[in-house]
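Asker: fold the following, please.
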Amino acid sequence: MPLQKPKQGAATADCKAALDEANRHLERLKLLWKLVTSRDSVGDPIDAMLALAVEALGMDMAAVGNFTDVYTVNYVYDKAGAIKAGMTFPTGDTLCQHVHDAKGPVFVEDLTRHPAFSHSLAVTQAGLRAYAGLPIWVGEGVHSVLAFFSRTPFKAPFGEADIAFMELLAAWLGNFLYQRQQQELLERLALTDPLTGLLNRRAAERRLTEEFARAKRHDEGFAIALVDLDHFKSINDRYGHGVGDQVLQGMAKLLDSESRSEDWVARWGGEEFMILLRKADIKEAMYVLERIVQKVRETPIKTSVGDIVMTVSVGIGYPGREDRDIQVALAEADSCLYQAKVHGRDRVEVRSRVGGILWMAQAVKNAVREERIQLASQPIVDLATGEVVADEALARLVMPDGAMLPAGEFIETAEGLGLMVEIDRQITRQAMARCTNLLAQGQKRPNFAHFVNLSPQFLARKNLVMETLMNAQSYCMACGVEMPQVKPIVFEITERQFLGNLDSLEADLQPLLDFGFRLALDDFGSGYSSFLYLARLPISFLKIEGWMVANMRKERKTAAIIESLARFCRDQGITTVAEWVEDEETARLLREMGVDWAQGWYYGRPELS
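Answerer: Numbering: from 1, shown residues only. Okay, the predicted model is just below:
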């Protein structure tokens, strides 16, 4: 039987189909090459690659994702818009997990017919029917998985040209992600001090600029501290630079661990570090930094030649709300650091932001004489109910141009000038007048507490105590509200200020207590005799030191102390008030510890009455 020749038309059609497929493959390779080499593309090139591949392969979706404890979609192009970048899925329920584990490609033309995948979430919930997945290698390991999905099954297996195209795309993505990794690593290295792992000076300067902008946007204060290791040169001279490096590494860890969670630490240069204290006024910054100085003094640094005890000197720069200038603040911190060295090292130095001691002294004198010391009230909230149950009267110095200085910037000067008595007098009178007005207007109840600070100098002046009592009687009569024996005014005393005779202090307080005023012990935990004062004085309220509250989340001992203190006060009928509460998480933890009330920027800033 003679051999039959193939039909000429069929052969021509096969050749034409093969040529069309080759041209189609060549065309998408050209598009891929154009995307790879383009310098003018807008957006992330990976997104553009996925969009091109979906159209070229006739698929509905393409994604790049990686695995940790979950599968995360990092990049995606989905015609239906159902899957978004950033979505996460349990690893066991993803088709890509099989690609990742096998470290090889997986191609499934019809998922509903596959014994391993027919019941997966991709099929039962997402309605996907066809899948192609390839590993993306970065270096020696599988970094991510490139996946393609179709919502209709494929009638024929993936063609060689399609598979080759997907493999080429996966290889390009691996190279691109590797280059991106290296670039990010170089950027981190450029902003990181290689010895300590902290931010370097370049990164710190960049962060400072961002911090200034953020503080201005939110009208917040912050402090800059320069920290210098005392006698560090002698360490290098005696033990060598290797040990000196170990000291710097140990100091970096110590400063970072002792700083508040919202603050950051950088290596400024040589043996000098910088700490930026967010949302901190001078008083808060001093508390935090003095505690750090003490911790450094008490914590030997372990080195190859044994433990080495170090001390540090600290200078603070405080950019005010009106004069936000980075260089001025840094110059002030540097000048204060120099003063700390001159005055004996192992200390914190700070100077007023507005021109030095003489300027501030004159400003305080003028403000007291012209009665420009104004009351600003900050709410205090019941942690159990969320109700505002009290407020604290805080002193503010109003400048002639209307600018306002917080107490932390002028109280120390006022104490040195002997003007605290007059400041207490003005604030106490304003607090009583405010209390009377609120009661008369029906805005507050008699059990609403108004906290007012009193200095030991004020209490020692019996004529001022009697004047206060007479004023109180007049205000009580004028408000027209029947007063209980316990009055709304609560006088705060700070243990650090009362270092004299405790018997004398009790005698000074007695007339005020007899009238019905209550007593609060402020800044509990900041001094050495707190429990003695708690035992001897008829304390109704105990205010927990702010730095303890700020650090309780990272220091278990501090949290345990606060919880024990709350339990003790509850047994003694003393109301606890936590200071420096800045967020909901802190409030929640304090509530669970049994603390009664809370005060801080989370609930409201001080406002002029």
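
Asker: return the residues in contact with Ala393.
Answerer: In this structure, Ala393 makes contact with 375-377, 427, 430-431, 434, 450-453, judged by Cβ atoms under 8 Å, 6 or more residues apart in numbering. From N, CA and C alone the C-beta is placed, and that goes for glycine too.

Asker: and these, which two are furthest apart?
Answerer: Arg434 and Asn453 (14.8 Å; Cβ to Cβ).

Asker: so between those two, which is more surrounded?
Answerer: Neighbour totals were compared for Arg434 and Asn453, and Asn453 leads with 24 against 18 (other Cβ atoms under 10 Å).

Asker: show me the beta-bridge partners of that one.
Answerer: Note on Asn453: beta-bridge partners by DSSP bridges are Glu492.

Asker: list the buried residues for the helix or strand hosting Glu55?
Answerer: For Glu55, the element it lies in under DSSP states H and E is helix 45-57. Residues of helix 45-57 classed as buried by neighbour count (16 or more other Cβ atoms under 10 Å): 46-50, 52-54, 56-57.

Asker: measure the most centrally placed residue in the chain to Trp580 for me?
Answerer: Central residue of the chain (Cα atoms, centre = their mean): Glu262, 3.3 Å from the mean position. As judged by Cβ to Cβ, to the nearest Å, Glu262 and Trp580 stand 11 Å apart.

Asker: got it, and Ala550?
Answerer: 5 Å.

Asker: those two: which is more packed in?
Answerer: Between Ala550 and Trp580, counted using other Cβ under 10 Å, the more crowded position is Ala550 (26 against 23).

Asker: Gln485 - nearest residue in space that isn't next to it in sequence?
Answerer: Once flanking residues are discounted, Gln485 sits nearest to Gly516: 5.2 Å by Cβ to Cβ, 6 or more residues apart in numbering.

Asker: CSV for the contacts of Ala393, including pLDDT and secondary structure?
Answerer: Listed next are those as CSV, based on pLDDT from 0 to 100; DSSP: H, G, I helix; E, B strand; the rest coil:
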residue, pLDDT, secondary structure
Leu375, 96, strand
Ala376, 94, strand
Ser377, 95, strand
Ile427, 96, helix
Gln430, 95, helix
Ala431, 95, helix
Arg434, 93, helix
His450, 96, strand
Phe451, 97, strand
Val452, 97, strand
Asn453, 94, strand
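
Asker: between the buried residues of helix 45-57, which is closest to Glu271?
Answerer: Ile46 (44.4 Å).

Asker: give me the pLDDT for the closest one.
Answerer: Ile46 carries a pLDDT value of 86.

Asker: also Thr12?
Answerer: Model confidence at Thr12 (pLDDT) stands at 63.

Asker: and the residue nearest to Gln485, what does it touch?
Answerer: 483-487.

Asker: give me the buried subset of those residues.
Answerer: Lys487.

Asker: looking at it, Lys84 is touching Asn74, isn't it?
Answerer: No - in this structure, Lys84 is not within contact of Asn74 by Cβ atoms under 8 Å, at 11.1 Å.

Asker: looking at these two, which one has more neighbours?
Answerer: For Lys84 and Asn74, the more surrounded residue by other Cβ under 10 Å is Asn74, and the numbers stand at 14 against 9.

Asker: domain map for the protein?
Answerer: If you go by automatic domain parsing, the domain ranges for the chain are 15-187, 201-350, 357-608.
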